[in-house]
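*Asks:* this one's sequence-less:
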């Protein structure tokens, strides 16, 4: 029996029980569709994360304050090292560290924003300096950012995130108005200098919901705590290296400088590069893609079992037909081939339909806002080819047992079967 | 027949046993039989006599427990499953009591099925000519559900003939048919035998067996009688040409059959 003959027989018997065939196929359609769609979603979010982090700059180093205790030994009072704004200034000082192009420092505190006689809003205030917009690439929608002068004089000025501005002032322009920032009992009125451009959530959180104040002002009016050295606490220093390939050298020198300033031998800070974050995020996204894919893969297996079940029913139901074919000269391998081709045909058609569904769904979901998140999907040919190959494999795998059962039937018993 | 040195079927001491608990039950307890080319043999016996088992083994659907079976000079008793399939494909044609046509398939396609397994090329032409040979030239594209029992059995006979087998095995070929249609089928078998086809037919109806040239009686798994038919019955309207379109002539045929059935039935 040739393959063409097997295909014709398979086609005839599949169309003879069209509903059953379609239902058996459905599992596979859903499975393949799910694999392709979820892989596209996974890849899309992988892209988003990468784009996000890359938009923050790949030549950035972040220094974070580390654990205050030193190998379990309590330090003498006043010698407890902490990351300060003065550390940042020291790193930026000309000739102190090579390859440092620019830097800014950041400190976060939760604050309550109150518009006099109006609405209020709870969020995080970021204390930083005038270099923040350059390093973090955050353009302004209106007004201006605070200057070096504002930072030096601890001026009560604030720049609002896009969302905060809308929440507090609606469509009205907030620039020039005043808002009260308070943390516990501490608090004071700030003049609004500008509003940031909206840019949505990033790997670092949603800047649209934050407000920015000079680090010195935050330290004086909101935190009211000073480092032992008399400096200003910061939680992190963000450093821009002049060349990405010089980052390891920069990490070395910065570490050296901070250890000297903090008078410690063991690091009480951590230095990470943006590349690390990128690698980590890419790893997370890959794992996520893999997980999504495996969940969808399970539905493929379930679909395959459905096909096996249908094939077993079909073999039982057609026992007599098998007997007749054997009586007129069909060999075991002819019967095997016939049922195997049938299973594979169902899987190929189901796989193609599933691939079509998956591709269509991925296209439909691309750039749509789903649950408040803009969805990006990336279809790749390998996902489509892989799921088609897998569905043929499922046809062979789950079709083989029913087919070999059919082939092993003894002709006289099959003929007598009622 | 007499000129044939080698019989088409040559069976010696054929047995078939089954284990039933601790006991061994013999369905065939040593059958020896020669069938020459062009013979028309009726195998008779009560149910449980072993005639069906013998038929299955002779038809290469089953293997004997012991003994030898030569078909066209080839020892088929010890062939593998694949080789038995090839023998069935090339040397044997089956006609069953319940026709055993494939569901939903047109007559031409039914008859082409054995040719598929032979990987023959001119399938459709051969199928059409086989159907014409059994008088179904006008029913080529009908499906089993669109045909009468007699027409279905003719399709089955065409399917058995299309490969030009050495032996045509017919297992109660008229068992499901009324007497008029039975006569038509018997007439067709008679005509095929006249044209040289060797026929082995299992039946329990003496009237049907009387159409064969030779009757072999099976009882308790052995041949208990084997004799040529002296007073051979010719099926009715054998003289009439096979109806090309079965519907119209069969109306007349039915009247003719009913008129002439009584003496034949009474004689049996």
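*Replies:* Received, thanks. Everything numeric in this text was worked out from a predicted model, so none of it was measured.
*Asks:* And for residue B:143, the neighbour number?
*Replies:* Using other CB atoms under 10 Å in any protein chain shown, the number of residues around residue B:143 comes to 16. Where you see a C-beta, it was placed from the backbone N, CA and C, and this is true even at glycine.
*Asks:* of all of the stretch 51-200 of chain A, which residue lies closest to chain B?
*Replies:* Proximity to chain B, evaluated over the stretch 51-200 of chain A using CB to the nearest CB, is greatest for residue A:51 at 57.9 Å.
*Asks:* burial count for that residue?
*Replies:* Other residues close to residue A:51 by other CB under 10 Å number 11.
*Asks:* What does the pLDDT read for it?
*Replies:* Here the pLDDT value assigned to residue A:51 is 79.
*Asks:* List phi and psi for residue 93.
*Replies:* Since you didn't name a chain, this refers to chain A. Per-residue torsions, residue A:93: phi -50, psi 140 (degrees, to the nearest 10).
*Asks:* wrong one, chain B
*Replies:* Dihedral angles for residue B:93 - degrees, to the nearest 10 - are phi -120, psi 140.
*Asks:* what do you get for residue A:6?
*Replies:* phi -60, psi -40.
*Asks:* Next up, the contacts around it.
*Replies:* By CB atoms under 8 Å, 6 or more residues apart in numbering or on different chains, the contact set of residue A:6 is A:337, A:338, A:341.
*Asks:* Which of those residues has the largest number of neighbours?
*Replies:* Result: residue A:338 is most packed of the contacts of residue A:6 (other CB under 10 Å), 24 neighbours.
*Asks:* Kindly provide the distance from that residue to chain B.
*Replies:* Going from residue A:338 to chain B by CB to the nearest CB, to the nearest Å gives 10 Å.
*Asks:* Am I right that that residue is in a helix?
*Replies:* Yes: when classified by DSSP: H, G, I helix; E, B strand; the rest coil, residue A:338 is found to be part of a helix.
*Asks:* right, and it touches residue A:1 too?
*Replies:* Yes: using CB atoms under 8 Å, residue A:338 is in contact with residue A:1, at 7.0 Å.
*Asks:* Skip the chain neighbours and tell me the closest residue to the one residue in chain B that gets nearest to chain A.
*Replies:* Relative to chain A, the nearest point of chain B is residue B:89 (2.6 Å; CB to the nearest CB). Closest residue to residue B:89 apart from its sequence neighbours, by CB to CB, 6 or more residues apart in numbering or on different chains: residue A:329 at 2.6 Å.
*Asks:* State the three-state secondary structure for that neighbour.
*Replies:* Residue A:329 is classified as coil under three-state DSSP.
*Asks:* now the strands for the chain?
*Replies:* All of this is about chain A. Secondary structure of chain A, counting by DSSP state E: strands at A:60-65, A:100-114, A:120-128, A:140-143, A:157-160, A:178-183, A:186-196, A:201-202, A:205-206, A:211-214, A:236-241, A:269-273, A:369-370, A:373-374.
*Asks:* switch to chain B, that's the one I care about
*Replies:* Using DSSP E, strands in chain B cover B:9-20, B:23-35, B:40-44, B:66-71, B:74-75, B:92-95, B:167-171, B:198-202, B:214-219, B:222-228.
*Asks:* among the ones you listed, which is nearest residue B:153?
*Replies:* Closest to residue B:153 of the strands of chain B is strand B:92-95 (CB to CB; 7.1 Å).
*Asks:* okay, now the residue of chain B closest to chain A: neighbour count?
*Replies:* Other residues close to residue B:89 by other CB under 10 Å number 23.
*Asks:* now residue B:74
*Replies:* 12.
*Asks:* So which bits of the stretch 51-200 of chain B are right by chain A?
*Replies:* Applying CB under 8 Å from any CB of the partner chain, we find that the stretch 51-200 of chain B lies next to chain A at B:56, B:59, B:61-62, B:81-82, B:85-86, B:88-90, B:94, B:96, B:100-105, B:113-114, B:116-119, B:159, B:163.
*Asks:* With adjacent residues omitted, what lies nearest to the residue of the stretch 151-300 of chain A at minimum distance from chain B?
*Replies:* As assessed by CB to the nearest CB, chain B sits closest to residue A:300 within the stretch 151-300 of chain A, at 31.9 Å. Leaving out its chain neighbours, the residue that sits closest to residue A:300 by CB to CB, 6+ apart is residue A:31, at 3.6 Å.
*Asks:* can you tell me which residues contact that neighbour?
*Replies:* A:296, A:297, A:299, A:300, A:301, A:302, A:303, A:304, A:354, A:391.
*Asks:* quick one: it and residue A:234, what's the gap?
*Replies:* Between residue A:31 and residue A:234 the computed distance is 52 Å (CB to CB, to the nearest Å).
*Asks:* likewise residue A:143?
*Replies:* Counting by CB to CB, the gap from residue A:143 to residue A:234 is 25 Å.
*Asks:* Name the residue in these two with the higher neighbour count.
*Replies:* Neighbour comparison, residue A:143 and residue A:234: the larger count goes to residue A:234, with 29 against 17 (by other CB under 10 Å).
*Asks:* quick one: the more buried one and residue A:104 touch, right?
*Replies:* No: with contacts counted by CB under 8 Å, residue A:234 stays clear of residue A:104, the gap being 9.4 Å.
*Asks:* shared neighbours, the two?
*Replies:* residue A:88.
*Asks:* and the stretch 251-400 of chain A, which of its residues are near chain B?
*Replies:* So the stretch 251-400 of chain A meets chain B at A:320-321, A:323-334 (CB under 8 Å from any CB).
*Asks:* What is the nearest of the residues you listed to chain B?
*Replies:* Once CB to the nearest CB is applied, the member of those that ends up nearest chain B is residue A:329, at 2.6 Å.
*Asks:* Next up, the contacts around the closest one.
*Replies:* B:85, B:86, B:88, B:89, B:90, B:114, B:117, B:118, B:163.
*Asks:* same check, this time on residue B:118
*Replies:* A:329, B:89, B:90, B:163.
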